[in-house]
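J.: model the following, please.
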Amino acid sequence: MSETEESPEEPTVEDGENSTETESLAGEDLVAAVAAHDEKLAESVGDLVDRVATLEDELETVESELETAEERLEHTRADFKNYKERAKRRQEEIKERATEDLVERLLEVRDNLGRALDEESGDTESLRDGVDLTRKQFDRVLTEENVERIEPEVGADVDAQRHEVMMRVESDAPTDTVASVYRPGYEMAGKILRPAQITVSAGSEGDAAEDGESSE
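T.: Okay, the predicted model is just below:
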């Protein structure tokens, strides 16, 4: 490019500010040009020009509102993420404290059991009483943790969810009911920790003899 040539002027801020005014003048020029040929048609064109201007204003308002809504949405997402993180940390802290509290109480039970075993009095009955007190203390800890024993009575119906059948035995209990509890089960807040191990009645010898006579 020669030194005498001039570079094209870049648009200035003033040009941008006057764009709306220029468009308005263009609309007025269009109406004036149409009016020179048909005044009735010019009125319709004028209405359209006004409608376009109104729609452009409404569009600008909607775009501004949309931008504001997007910013609020981002803030809400950030707040919700922070809330979830705080709730997770809080839950972990509660779980840790609950575990610590349970361990502390179990340590007390262990200490009492140790003292009972360390007793050198030679009194078997005294040792038995000490161990029994320790077991009761342990049971209280389980109760405080909402842990309950599963120990069905003899003659109770067998519950496949709560009972584990070990074997069938002769018993005076009705056939196919609980004959005895081999090992109690436990549940916590309705959740089975371990089922009770039971034996199931196969009936007594008398029942078997009656069945044999009736079959004859």
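
J.: could you use CA atoms for every contact and neighbour count after this?
T.: Noted.

J.: pLDDT value on residue 213, please?
T.: We have a pLDDT of 53 for residue 213.

J.: that should have said residue 9, apologies.
T.: Turning to residue 9, the model gives it a pLDDT of 53.

J.: now do residue 207
T.: 60.

J.: so how far is the longest helix seen in the chain from its chain's centroid?
T.: Longest helix of the chain, by residue count under DSSP state H: helix 39-118. Remark: helix 39-118 is offset 16 Å from the chain centroid, using CA atoms, centre = their mean, to the nearest Å.

J.: name the helices or strands packed onto it?
T.: The contact analysis (3 or more CA pairs under 8 Å, 6 or more residues apart in numbering; DSSP states H and E) places helix 39-118 against helix 19-35, helix 124-144.

J.: can you tell me which of the ones you listed the model trusts least?
T.: When I compare those, helix 19-35 is least confident, with a mean of 59.

J.: how about low-confidence regions in this structure?
T.: For the chain, the stretches with pLDDT under 70 are 1-31, 33-40, 42, 121-122, 206-216.

J.: run the last query once more with 80
T.: Applying pLDDT under 80 to the chain flags the ranges 1-47, 49, 116-123, 205-216.

J.: how close does residue 46 get to residue 101?
T.: 82 Å (CA to CA, to the nearest Å).

J.: neighbour count: the two, which is higher?
T.: residue 46 (19 against 12; other CA atoms under 10 Å).

J.: from residue 54, how far off is the more buried one?
T.: 12 Å.

J.: which SS class is residue 199?
T.: Secondary structure, DSSP: H, G, I helix; E, B strand; the rest coil: residue 199 is strand.

J.: that one against residue 171, yeah?
T.: No - between residue 199 and residue 171 there is no contact under CA atoms under 8 Å: 9.6 Å.

J.: intersection of neighbour lists for those two?
T.: Overlap of the contact sets of residue 199 and residue 171 (by CA atoms under 8 Å, 6 or more residues apart in numbering) consists of residue 179.

J.: and those two? which has more neighbours close in?
T.: residue 199 (25 against 21).

J.: so who does the more buried one touch?
T.: Contacts for residue 199 (CA under 8 Å, 6+ apart) come out as 165-169, 178-182.
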